[in-house]
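Novice: One predicted model, sequence on top.
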Amino acid sequence: MRIAFLGLGKMGRAVARHLLNAGHELTVWNRTSQNAEQLKTLGAKAAETPSEAVAQSEVVFTMVMDDAALEAIVFDAGLIKAMQPQSIHASLSTISVKLSNRLTEAHRAAGTHFAAAPVFGRPNVAEDGRLWTVTAGEAQVVEKIRPLLETFSRGITVVSEKPSAAHALKLGGNFLITGMIASLSEGLVYAEALGVEPRVFLETINSALFQSPFYQAYGKIMLDPPEHPGGTIALGEKDIRLFREAAKSADVKTELADLFGANFQKAIEVGMKDEDWAAGYYRLAQSMTHSVA
């Protein structure tokens with residue numbers, strides 16, 4: 001297929017590479033043009049603007065940081081107007097339910113299609129082509145993009161024909177990841193304070209209780225922070241905020257998410273915005289305990 005890919009951060013570059021390796025004709029665009037250089041050497045074309053990138057494409061993937069970045073591309077830069085009639089825009093980003101609904105309506109009015117396809121997994125998982133993709137949209141649209149999603153996914157969940165349902169599911173999943181990180185943080189701080197080595201605590205509770213590769217992986221990140229964060233405190237704050245907004249729109253109370261949101265704000269206020277999501281939350285829990293002591 002003729003595909004446009006907009007947004008070439010760590011995740012985007014990895015996903016775009018899988019599409020290229022599958023033999024698709026790929027045109028890429030990124031706000032910082034040097035991120036496209038590696039993909040050009042693999043056969044991708046680089047466009048100067050989002051509109052140029054999508055002009056001849058059957059499917060347009062976007063994978064950007066947040067609502068504001070996607071709105072700038074879709075509305076301010078005229079992506080929808082430049083798309084071919086009946087072509088498809090699939091958003092791989094974690095965005096708000098509100099924006100997902102707005103994009104669905106805007107594409108419908110323009111004679112194009114919108115699908116949600118947010119992914120679970122860090123950049124290393126994307127590199128291995130083992131993301132889990134959650135997709136939603138009109139049945140024929142999902143059917144057309146599914147082979148593309150399979151090039152970088154170990155599994156795919158089709159939620160419904162309403163795109164925002166997939167984005168709602170993704171936000172709910174990220175809330176649970178944050179819940180795991182928060183409980184692990186408090187548990188590790190507790191263990192250390194009572195003379196239990198944190199690594200022994202982590203290994204024991206995971207072996208005895210959860211037997212979860214997620215607990216193992218995130219625990220390792222927390223105890224051995226990576227040099228380059230896979231996800232940042234800023235991203236964690238954004239996802240929890242969007243989760244709370246979506247819940248509020250349905251009159252759902254979110255006491256835990258409210259607490260997580262407040263802690264993310266504390267972390268940002270003390271300069272931890274760009275630290276790893278998991279390792280930073282753990283360090284915040286440590287500092288809060290020490291300050292109380």
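Specialist: In hand now; what should we look at?
Novice: Determine the number of other residues adjacent to the spatially closest residue to Phe114 that is not a sequence neighbour.
Specialist: Leaving aside its sequence neighbours, Phe114 sits nearest to His107 (Cβ to Cβ, 6 or more residues apart in numbering; 4.0 Å). All C-beta spots, glycine's among them, are computed from the backbone N, C-alpha and C. A total of 22 residues lie near His107 under the criterion other Cβ atoms under 10 Å.
Novice: With Ser51 as the reference, measure out to His107.
Specialist: As for His107, its distance to Ser51 is 15 Å (criterion: Cβ to Cβ, to the nearest Å).
Novice: repeat for Ser160
Specialist: 31 Å.
Novice: cool, Phe243 as well?
Specialist: Applying Cβ to Cβ to Phe243 and Ser51 gives a distance of 32 Å.
Novice: Looking at the two, which has the bigger crowd around it?
Specialist: Ranked by neighbour count (other Cβ under 10 Å), Phe243 and Ser51 place Phe243 first, with 27 against 17.
Novice: State the phi and psi torsions of the spatially most central residue of the chain.
Specialist: The residue lying closest to the centre of the chain (Cα atoms, centre = their mean) is Thr94, at 4.6 Å. Dihedral angles of Thr94 (phi, psi; degrees, to the nearest 10) stand at phi -90, psi 100.
Novice: Contact partners for it?
Specialist: 118, 167, 170-171, 174, 238-239, 242 (Cβ atoms under 8 Å, 6 or more residues apart in numbering).
Novice: please redo it, this time with the cut-off set to 6 Å
Specialist: Neighbouring residues of Thr94 by Cβ atoms under 6 Å, 6 or more residues apart in numbering: 118, 170, 239.
Novice: Would you map the strands across the stretch 1-150 of the chain?
Specialist: 2-6, 25-29, 45-46, 59-62, 88-91, 113-116, 119-120, 131-135 (DSSP state E, counting those that start in this stretch).
Novice: among these, which is nearest Ala250?
Specialist: Counting by Cβ to Cβ, Ala250 lies closest to strand 113-116 out of the strands of the stretch 1-150 of the chain; the figure is 17.4 Å.
Novice: which other helices and strands contact the closest one?
Specialist: Secondary-structure packing of strand 113-116 (3 or more Cβ pairs under 6 Å, 6 or more residues apart in numbering; DSSP states H and E): strand 88-91, helix 97-110, helix 163-193.
Novice: ok, now with 10 Å
Specialist: strand 59-62, strand 88-91, helix 97-110, strand 131-135, helix 139-150, helix 163-193 (3 or more Cβ pairs under 10 Å, 6 or more residues apart in numbering; DSSP states H and E).
Novice: Looks to me like Ala262 is in a helix.
Specialist: Yes - counting by DSSP: H, G, I helix; E, B strand; the rest coil, Ala262 is found in a helix.
Novice: show me the contacts for it.
Specialist: Ile240 (Cβ atoms under 10 Å, 6 or more residues apart in numbering).
Novice: Identify the structural domains in the chain and state their residue ranges.
Specialist: Segmentation of the chain into domains, based on automatic domain parsing, reads 2-161, 167-292.
Novice: and these as CSV, adding mean pLDDT?
Specialist: What follows is the domains of the chain, written out as CSV (pLDDT from 0 to 100):
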stretch, mean pLDDT
domain 2-161, 96
domain 167-292, 95
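Novice: With respect to burial, which of those scores highest?
Specialist: domain 2-161 (a mean of 20; mean count of other Cβ atoms under 10 Å).
Novice: mind checking how far that one is from the chain centre?
Specialist: 12 Å (Cα atoms, centre = their mean, to the nearest Å).
Novice: next one: stretch 168-188
Specialist: 14 Å.
Novice: Stretch 239-254 too?
Specialist: That offset, for stretch 239-254, works out to 17 Å (Cα atoms, centre = their mean).
Novice: Stretch 196-209 now?
Specialist: The answer for stretch 196-209 is 29 Å, by Cα atoms, centre = their mean.
Novice: Am I right that Arg2 is in contact with Ala44?
Specialist: No - between Arg2 and Ala44 there is no contact under Cβ atoms under 10 Å: 11.9 Å.
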